[in-house]
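Engineer: sequence isn't available, so here's the structure alone:
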């Protein structure tokens, strides 16, 4: 766990003016390196450009300035091979059952039907979805649907998994359990995980390193190393250092959040 | 039977009974319309005698063809147009006012252009249906969540694959509504054109019977069109219901 897998150099994102308004500088400049196999989290105030950063790394959007590389190759307009994304919103295809949702991306791959079925079956088993393989998303809870989306990403065997607030719409207990599940998958797959979240405890519990972003335009103002063992789960919150970690994150983030609230016209 | 279905059946049965009473009491005279029970008897006589089977087959084939052309081309045009915002904005006023245009007024022109064959009737049926399909397809595509389009991109799907595997399947309930509209318009266009000017077809036979006061032919043919429309619409509605239930929208 040392080689750099993703590097960002001088990355900025400016949204051009529209409808008579002014151009919006959403992000940067950002310089960042994400190591192969690490669990990396980004926290920041609302509207600081966290999701924009993820979309830039995913190749879903292009930086205004700077360069992004994945495994030494620049990320262009095409989504790089080996990158999977899980979004916050429900991205299940409501007309496909769980198994077909998971097989969705594999259908594009040139491999035998047996191999596709084998991989899908393995992921269904890994994600605890065996009893729901033939159910439709409408028959599942929000947590289960998000599991399907994660399974659809995992089945592609990505080397980098980008998670855009994947548990944001779930209740606290489900979020903790999904966090445990994510840690298990991270260990089992060996993939690098890049998590965007607004929940400090979630970032503190899951990540090896946490980047704290400033208010818009989002820049990285702190980089915290958690030093947690690789074998961990949600019970890490009981660790004596967990409180100090989240306190440090909040101390850095509080002023930035206040700036955002001030911009929105809120009080302190 | 659901409560809504019970009300639907009650309304239809009530209307038929009302017509029966009005016809039998002479409020509606026999020359204008025979009582519904007579129409039903004539209907079965017509079917058992095998009369007009050729005409019925010809009209239904044209209705199906006009429907299929309107549905397929309308869905394709709608999908392509969805990607070209400016073109869509230019065409939007035309779509909004399209059904104020009396398409039947162009029928004589189409006869001059294509002759007194099936072509002009097909064209009228097609022209009436295609815009409804385009507008409904656009309406459905507008509602595709951004996250599904992003998921398609993340899975490296091209434009055609995205349409076939993501956006159009998402729009399936809208496409079924479009199919129902296109079918109704295809019936109106083809049968209506045959009625105005043609040498064969159900519309032509209805028109011929109408001018000759032949109620024993006219009403059974109208009843047949009505039953066919209800049957196909019912099938599509059933399919739509199943689709929506699967998506948790039923």
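Structural biologist: Perfect, thanks for sending it. Here the structure is a predicted model, which is why all the values come from computation and not from measurement. Numbering: from 1, shown residues only, chains lettered A, B, ... in the order given.
Engineer: what is the neighbour count of the closest residue to residue B:35 other than its chain neighbours?
Structural biologist: Using Cβ to Cβ, 6 or more residues apart in numbering or on different chains and skipping the chain neighbours, the partner closest in space to residue B:35 is residue B:23 (3.9 Å). Every C-beta, even on glycine, is put in place using the N, C-alpha and C of the backbone. Residue B:23: 20 surrounding residues under other Cβ atoms under 10 Å in any protein chain shown.
Engineer: what helix or strand is residue B:23 on?
Structural biologist: helix B:3-24 (DSSP states H and E).
Engineer: pick out the residue closest to the middle of chain A.
Structural biologist: By Cα atoms, centre = their mean, chain A has its centre lying nearest to residue A:163, at 1.8 Å.
Engineer: which SSE is immediately downstream of the helix or strand bottoming out on mean pLDDT in chain B?
Structural biologist: The least trusted helix or strand in chain B, going by mean pLDDT, DSSP states H and E, turns out to be helix B:107-114, with a mean of 86. Downstream of helix B:107-114, the next assigned helix or strand under DSSP H and E is helix B:119-142.
Engineer: show me what contacts the residue nearest to residue B:35?
Structural biologist: Residues near residue B:23 by Cβ atoms under 8 Å, 6 or more residues apart in numbering or on different chains: B:30, B:33, B:34, B:35, B:36.
Engineer: what's the closest non-adjacent residue to residue A:129?
Structural biologist: residue A:98 (5.6 Å).
Engineer: for residue B:30, that is, sorry about that
Structural biologist: Residue B:30's closest residue in space is residue B:23 (Cβ to Cβ, 6+ apart), at 7.4 Å.
Engineer: and for residue A:250?
Structural biologist: In space, residue A:250 is closest to residue A:200, 6.0 Å off (Cβ to Cβ, 6+ apart).
Engineer: wait, that neighbour touches residue A:248, no?
Structural biologist: No. Taking contacts as Cβ atoms under 8 Å, residue A:200 lies outside contact range of residue A:248: 9.6 Å.
Engineer: kindly report the residues of chain B close to chain A.
Structural biologist: B:145, B:147-148, B:150-151, B:153-157, B:161, B:165-166, B:169-170, B:172, B:243, B:246-249 (Cβ under 8 Å from any Cβ of the partner chain).
Engineer: just the buried members of the residues you listed?
Structural biologist: Listed as buried from those are B:147-148, B:150-151, B:153-155, B:157, B:165-166, B:169-170, B:172, B:243, B:246-247; burial here means 16 or more other Cβ atoms under 10 Å in any protein chain shown.
Engineer: and of these, the nearest to residue A:135?
Structural biologist: residue B:246 (10.3 Å; Cβ to Cβ).
Engineer: next up, the contacts around the closest one.
Structural biologist: Per Cβ under 8 Å, 6+ apart, neighbours of residue B:246: A:94, A:95, A:136, A:138.
Engineer: pull the most distant pair out of these.
Structural biologist: A:95 and A:138 (10.0 Å).
Engineer: for chain B, what spans make up the strands?
Structural biologist: When assigned using DSSP state E, chain B turns out to have no strands.
Engineer: got any ranges where it has weak pLDDT?
Structural biologist: B:250 (pLDDT under 70).
Engineer: once you drop chain neighbours, what's closest to the residue most central in space within chain B?
Structural biologist: Central residue of chain B (Cα atoms, centre = their mean): residue B:184, 1.5 Å from the mean position. For residue B:184, ignoring the flanking residues on the chain, the nearest one in space by Cβ to Cβ, 6+ apart is residue B:229 at 6.7 Å.
Engineer: residue B:186 is in contact with that neighbour, correct?
Structural biologist: No. In this structure, residue B:229 is not within contact of residue B:186 by Cβ under 8 Å, at 10.1 Å.
Engineer: neighbour-wise, which of these two wins?
Structural biologist: Neighbour count, other Cβ under 10 Å: between residue B:229 and residue B:186, residue B:186 has more, with 26 against 16.
Engineer: so who does that one touch?
Structural biologist: Neighbours of residue B:186 in contact, by Cβ under 8 Å, 6+ apart: B:63, B:64, B:66, B:67, B:70, B:125, B:126, B:128, B:129.
Engineer: what distance do you get for the residue lying farthest from the centre of chain B to residue B:71?
Structural biologist: Here chain B reaches farthest from its C-alpha mean at residue B:154, the gap being 38.8 Å by Cα atoms, centre = their mean. As judged by Cβ to Cβ, to the nearest Å, residue B:154 and residue B:71 stand 31 Å apart.
Engineer: who in the stretch 151-268 of chain A is up against chain B?
Structural biologist: Residues of the stretch 151-268 of chain A lying near chain B (Cβ under 8 Å from any Cβ): residue A:156.
Engineer: pLDDT weak spots in the stretch 151-268 of chain A?
Structural biologist: For the stretch 151-268 of chain A, the stretches with pLDDT under 70 are A:262-268.
Engineer: pick out the residue of chain A closest to chain B.
Structural biologist: Taking Cβ to the nearest Cβ, chain B has its nearest neighbour within chain A at residue A:138, 2.7 Å off.
Engineer: for residue A:15, give me its contacts.
Structural biologist: Residue A:15 touches A:23, A:24, A:26, counting by Cβ under 8 Å, 6+ apart.
Engineer: for chain B, just list every one of the helices.
Structural biologist: Using DSSP state H, the helices assigned to chain B run over residues B:3-24, B:36-49, B:53-82, B:85-97, B:107-114, B:119-142, B:146-154, B:159-162, B:168-170, B:172-196, B:202-211, B:215-246.
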